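Colleague: take a look and give me a structure for this.
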Amino acid sequence: MKIADLITWFEAWANPAWCENWDNCGWQIEPGILQEKTRVLVCLTPTLAVMQEAIALNANLIFAHHPLIFNPLKSLRTGEAIAEMVRLAFTHNIGIYTAHTNFDQVQDGTADVLAQILELKEVTPIELTQAGLGYGRVGLLEPFLTLQELLATIQTRLAPHNLIFSPSADLQQTISRVAVLGGSGASYISAVAKTGAQAYLTSDCKFHQFQESRDRNLILIDAGHYATERPACDRLVQKFQSLNLDWVQLSQKDEDFRQFFA
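Modeller: All right, here's what the predicted structure looks like:
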């Protein structure tokens with residue numbers, strides 16, 4: 001399969017036209033590689049470490065969730081990370097393609113994969129954007145879990161470096177309905193509260209958003225940006241492997257940009 005064919009296949013599934021107006025989905029850098037056979041390195045965030053990995057592995061496409069270019073560039077100067085990424089991309093003929101908010105909405109996208117990891121049933125979007133698609137997912141736990149069991153399940157299956165949750169008087173309370181949204185999902189707290197979910201798994205939550213959730217009788221669970229979105233990259237590799245690609249691999253140089261002092 002040529003790179004142009006892979007992108008056509010992907011965009012039929014997760015149309016970049018669904019991208020939010022503040023976002024930047026699709027080609028970030030395309031150095032004339034569309035007719036080459038695909039050698040794809042999938043990552044959460046395109047960084048210099050991932051670019052160096054792609055060069056070492058002789059990949060010709062970095063397929064990322066997060067955009068390399070998020071805001072309009074005013075200049076490209078030596079010593080800047082994006083400028084170096086651009087230089088290396090053209091020097092080594094490596095394209096960079098991003099699927100961000102369009103990938104968040106679709107089946108087997110970031111939210112759907114989280115729901116599958118928690119084995120939620122009767123799943124629907126938190127916020128519907130079009131028929132059957134939307135941001136976040138909410139569904140039922142079968143069997144029900146205590147809050148302590150749910151937190152332990154998240155810790156085991158997502159392996160976050162730091163798991164934060166709202167104050168709760170009873171870790172033994174029964175949880176039956178859970179909402180999930182990979183990445184920064186605190187802006188959906190109000191929408192989640194209306195779904196009847198008792199717990200909401202997301203990331204990048206601020207101090208007062210935990211207070212807001214508590215006041216809405218919603219247990220907010222923050223597992224970190226990396227831990228909540230990286231599984232969808234792994235699922236994307238599996239989907240690509242089902243196609244007739246020359247080579248595809250999940251990046252081993254993808255990073256969680258935070259460290260926690262023990």
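Colleague: so the residue lying farthest from the centre of the chain: helix, strand or coil?
Modeller: Farthest-out residue of the chain from its mean C-alpha position, per CA atoms, centre = their mean: A169, at 31.4 Å. With DSSP: H, G, I helix; E, B strand; the rest coil as the basis, A169 sits in coil.
Colleague: per-residue pLDDT, it?
Modeller: For A169, the model assigns a pLDDT of 70.
Colleague: tell me the contacts of the residue nearest the centre of the chain?
Modeller: Note on the chain: the residue nearest the mean C-alpha position is E229, at 3.1 Å, using CA atoms, centre = their mean. When contacts are counted by CB atoms under 8 Å, 6 or more residues apart in numbering, E229 touches 44, 65, 110, 182-183. In this view, the C-beta of every residue, glycine as well, is placed from N, C-alpha and C.
Colleague: show me these that map onto helices.
Modeller: Cross-referencing the contacts of E229 against helices under DSSP state H gives T110.
Colleague: looking at the contacts of E229, which are in strands?
Modeller: Among those, DSSP state E puts 182-183 in strands.
Colleague: from the contacts of E229, which is closest to N24?
Modeller: Of all the contacts of E229, H65 has the smallest distance to N24: 12.1 Å, by CB to CB.
Colleague: and the gap between that closest one and P160?
Modeller: In this structure, H65 and P160 are 17 Å apart, going by CB to CB, to the nearest Å.
Colleague: next one: stretch 11-28 to chain centre, how far?
Modeller: Centroid separation for stretch 11-28 versus its chain: 14 Å, with CA atoms, centre = their mean, to the nearest Å.
Colleague: quick one: average pLDDT of that stretch?
Modeller: Stretch 11-28 comes out with an average pLDDT of 96.
Colleague: and stretch 53-66, by the same measure?
Modeller: Here the average pLDDT along stretch 53-66 is 98.
Colleague: now do stretch 205-218
Modeller: Mean pLDDT, stretch 205-218: 94.
Colleague: using CSV, write out every CA atom in it.
Modeller: Taking C-alpha atoms only, stretch 205-218 is exported to CSV below (Å, rounded to 0.1, in the frame of the first residue of the first chain):
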residue,chain,number,x,y,z
CYS,A,205,-7.9,18.5,35.5
LYS,A,206,-7.3,21.6,37.6
PHE,A,207,-7.8,22.0,41.3
HIS,A,208,-11.3,23.7,41.2
GLN,A,209,-12.5,21.2,38.5
PHE,A,210,-12.3,18.5,41.2
GLN,A,211,-14.3,20.7,43.4
GLU,A,212,-16.9,21.3,40.6
SER,A,213,-17.2,17.6,40.0
ARG,A,214,-17.6,16.8,43.7
ASP,A,215,-20.4,19.5,43.9
ARG,A,216,-22.1,17.7,41.0
ASN,A,217,-21.8,14.3,42.8
LEU,A,218,-19.4,13.1,40.1
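Colleague: run the chain-centre distance for it.
Modeller: The chain centre lies 23 Å from the centre of stretch 205-218; the measure is CA atoms, centre = their mean.
Colleague: now stretch 22-31
Modeller: Chain-centre distance of stretch 22-31: 16 Å, with CA atoms, centre = their mean.
Colleague: how about stretch 212-219?
Modeller: Taking CA atoms, centre = their mean, one finds stretch 212-219 lying 24 Å from the centre of the chain it belongs to.
Colleague: before we move on, what about stretch 147-160?
Modeller: That offset, for stretch 147-160, works out to 18 Å (CA atoms, centre = their mean).
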